[in-house]
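**Student:** Provided below for reference: sequence and predicted model.
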2 protein chains.
Amino acid sequence: MGDVRTGDPVTIVRGEEELFRRVGHLFMSATDVACVANDLALWVAERRAAELEEAALQRAGAARVRKIYRSGLLLDAVSAQELARRRDRHGAQVRITTDELSETIVVDRKVAILAGERHEGPRSYSVITQPETVQGVVSLFDTVWRSAVDLDVYDAQVAEIRRLAPAVLDLLGQGAKDEAAARKLGLSVRTYRRRVGELMAALGAESRFQAGVRARELGLV
Amino acid sequence: MGDVRTGDPVTIVRGEEELFRRVGHLFMSATDVACVANDLALWVAERRAAELEEAALQRAGAARVRKIYRSGLLLDAVSAQELARRRDRHGAQVRITTDELSETIVVDRKVAILAGERHEGPRSYSVITQPETVQGVVSLFDTVWRSAVDLDVYDAQVAEIRRLAPAVLDLLGQGAKDEAAARKLGLSVRTYRRRVGELMAALGAESRFQAGVRARELGLV
DNA sequence: TGCGGGTTGGCAGGTTGTTGCCATCCGCGG
DNA sequence: CCGCGGATGGCAACAACCTGCCAACCCGCA
């Protein structure tokens, strides 16, 4: 415990518990947080969230908090709303990308945390303090940040998509052919496919199989 | 509480806890259990499983236990093995179907339990004691049972599929085109598509989107 | 009424995915 | 050696899906 810098420039940490013990304190006084997240789950164990929440609220406005989320998240109206709520609550900036990114946090441009693959057992995280490496991560983040689009702007774009998305997802999930699905929705095949295309774009999927997986991941089907 | 027959011929029960309280005792003395399940999760709350387990073991051989599972389950080697283990342990008969079925239990041809949709909140179950209705359910079950194929037979069929399935699923999940995927696996496009087709058949999916959803549901991607 | 921006749906031409057919190859027992 | 069954891969025809283009339409606004 104590300062994270006492270890190697790169430390592998297993599980969120451990991660929190190592770097949790950094968030308390952070003035610059950059974050890539794929869902709304907090990175730290739920039971510790309260402390962080408090610290976050205290520095609201004083700190610069940038968060990037996957676009698929916005297809669920509830999630989208929750996202906006949190943003307002913390005075954070939220942008949306359609690219697939591994989860990342950079605190004060000094410490980078990269999430590893999520498979059996606790998830692993790489905690990086080596300045040049962190700088590289920051640079990547900045680039992605620039290409990402503001939550409100994106939200407006998908508002209409979202209206039809549930029905489209439902039909796709049933294995319906475009022909039949379009008829059921009272749309032309052309427009139905437009919807599917928008949906896939929003999910960042390049094939329908992949779209199915992502949709299921987000609990949309 | 008490005898399930005291209520209406059809009772809606919310949550597995409640279900167990209502009909748990039936399993203790049952000599004929018919069951459709979509995954390996036990129907009763985990903590009560021990009692049932015990009762089940005692009547092993004495009772007739028939279980039908979805074929997709077998794509995961671990699940398939666990399935066989449980079957041997309980002296049950296990068959596999590729059709989509809602979960069902019929005890001693007297009480039928149909699982409702799984959405927010606890899952609901219909407990049916009305004889004609139960008979109808039994009749449906018997038909499905006849058309289903024995676990061992099916297992042998998919053994080879399973060997390649993870790789194919992986590539599909990445949104790879058949062309590229086949190259990566060192297969011809034709054979790769054969694999995908077998996979979809095993998942009971009629479109790749649906296959993606099912695969994700089973945790195969 | 006329204009401008956005949505729709038909069409065409493309790519991707699905399936049957068949020649070929491999391994195995006769 | 042959014959056999199963797996493979090429080919082809077809179905399904994707997309650019454009005319038609709708709606709000001046």
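**Tutor:** Sure, I can see it. Numbering: from 1, shown residues only, chains lettered A, B, ... in the order given.

**Student:** near DNA strand C, which residues of chain A are found?
**Tutor:** By the rule C-beta under 7 Å from any atom of the strand, the part of chain A lying against DNA strand C is A:160, A:187-191, A:194, A:207. C-betas here are computed from N, CA, C, even on glycine.

**Student:** want to throw these into TSV with pLDDT and secondary structure?
**Tutor:** Shown next, in TSV, are the residues of chain A next to DNA strand C (pLDDT from 0 to 100; DSSP: H, G, I helix; E, B strand; the rest coil):
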residue	pLDDT	secondary structure
A:Glu160	53	helix
A:Leu187	91	coil
A:Ser188	92	coil
A:Val189	93	helix
A:Arg190	94	helix
A:Thr191	93	helix
A:Arg194	91	helix
A:Ser207	91	coil
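
**Student:** save these as JSON lines, and put in distance to A:Ile128 and neighbour count too.
**Tutor:** JSON lines is the format used below for the residues of chain A next to DNA strand C (distance: C-beta to C-beta, whole Å; neighbours: other C-beta atoms under 10 Å in any protein chain shown):
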{"residue": "A:Glu160", "distance to A:Ile128": "41", "neighbour count": "10"}
{"residue": "A:Leu187", "distance to A:Ile128": "49", "neighbour count": "18"}
{"residue": "A:Ser188", "distance to A:Ile128": "52", "neighbour count": "11"}
{"residue": "A:Val189", "distance to A:Ile128": "50", "neighbour count": "14"}
{"residue": "A:Arg190", "distance to A:Ile128": "49", "neighbour count": "9"}
{"residue": "A:Thr191", "distance to A:Ile128": "47", "neighbour count": "13"}
{"residue": "A:Arg194", "distance to A:Ile128": "43", "neighbour count": "13"}
{"residue": "A:Ser207", "distance to A:Ile128": "34", "neighbour count": "19"}
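
**Student:** let's see stretch A:174-183 as PDB, backbone CA atoms only.
**Tutor:** Presented in PDB, the C-alpha positions along stretch A:174-183 are these (Å, rounded to 0.1, in the frame of the first residue of the first chain):
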ATOM      1  CA  GLN A 174     -36.200 -13.900 -33.600                       C
ATOM      2  CA  GLY A 175     -34.200 -14.700 -36.700                       C
ATOM      3  CA  ALA A 176     -36.700 -13.000 -39.000                       C
ATOM      4  CA  LYS A 177     -35.800 -12.300 -42.600                       C
ATOM      5  CA  ASP A 178     -35.600  -8.600 -43.600                       C
ATOM      6  CA  GLU A 179     -38.500  -9.100 -45.900                       C
ATOM      7  CA  ALA A 180     -40.800 -10.400 -43.100                       C
ATOM      8  CA  ALA A 181     -39.500  -8.000 -40.500                       C
ATOM      9  CA  ALA A 182     -40.100  -5.000 -42.700                       C
ATOM     10  CA  ARG A 183     -43.600  -6.100 -43.400                       C
END
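
**Student:** just give me the neighbour total for A:Lys177.
**Tutor:** For A:Lys177, the count of nearby residues is 12 (other C-beta atoms under 10 Å in any protein chain shown).

**Student:** ah, wrong one, I meant A:Ser102
**Tutor:** Around A:Ser102 sit 11 other residues, with neighbours defined as other C-beta under 10 Å.

**Student:** and the closest residue to it other than its chain neighbours, bridged to which residues?
**Tutor:** Leaving aside its chain neighbours, A:Ser102 sits nearest to A:Ala115 (5.9 Å; criterion: C-beta to C-beta, 6 or more residues apart in numbering or on different chains). As for beta bridges, A:Ala115 partners with A:Tyr125 under DSSP bridges.

**Student:** pull up the per-residue confidence for A:Ala115.
**Tutor:** On pLDDT, A:Ala115 comes in at 86.

**Student:** please tell me how far it sits from DNA strand D.
**Tutor:** The gap separating A:Ala115 from DNA strand D is 29 Å, by C-beta to the nearest atom of the strand, to the nearest Å.

**Student:** count of residues packed around that residue?
**Tutor:** As a burial measure, A:Ala115 scores 19 neighbours (other C-beta under 10 Å).

**Student:** out of the residues of chain A next to DNA strand C, which touch DNA strand D?
**Tutor:** When contact is defined as C-beta under 7 Å from any atom of the strand, these meet DNA strand D at A:190, A:194, A:207.

**Student:** tell me the residues of chain A that contact DNA strand D?
**Tutor:** Within chain A, the residues that sit near DNA strand D (C-beta under 7 Å from any atom of the strand) are A:177-179, A:190, A:193-194, A:196-197, A:200, A:207-208.

**Student:** hmm, A:Ser102 is touching A:Leu114, no?
**Tutor:** Yes. Applying C-beta atoms under 8 Å, one finds A:Ser102 in contact with A:Leu114, separated by 6.5 Å.

**Student:** contacting residues around A:His32?
**Tutor:** Heads up, residue A:32 is Asp, not His. Contact partners of A:Asp32, counting by C-beta atoms under 8 Å, 6 or more residues apart in numbering or on different chains, are A:63-65, A:107-109.

**Student:** in stretch A:128-135, what's buried?
**Tutor:** A:128-129, A:134 (16 or more other C-beta atoms under 10 Å in any protein chain shown).

**Student:** need those in JSON lines with secondary structure, can you?
**Tutor:** JSON lines is the format used below for these (DSSP: H, G, I helix; E, B strand; the rest coil):
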{"residue": "A:Ile128", "secondary structure": "strand"}
{"residue": "A:Thr129", "secondary structure": "coil"}
{"residue": "A:Val134", "secondary structure": "helix"}
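
**Student:** and these, which is closest to DNA strand C?
**Tutor:** Relative to DNA strand C, the closest of these is A:Ile128; by C-beta to the nearest atom of the strand it sits at 37.2 Å.

**Student:** alright, I will stop here.
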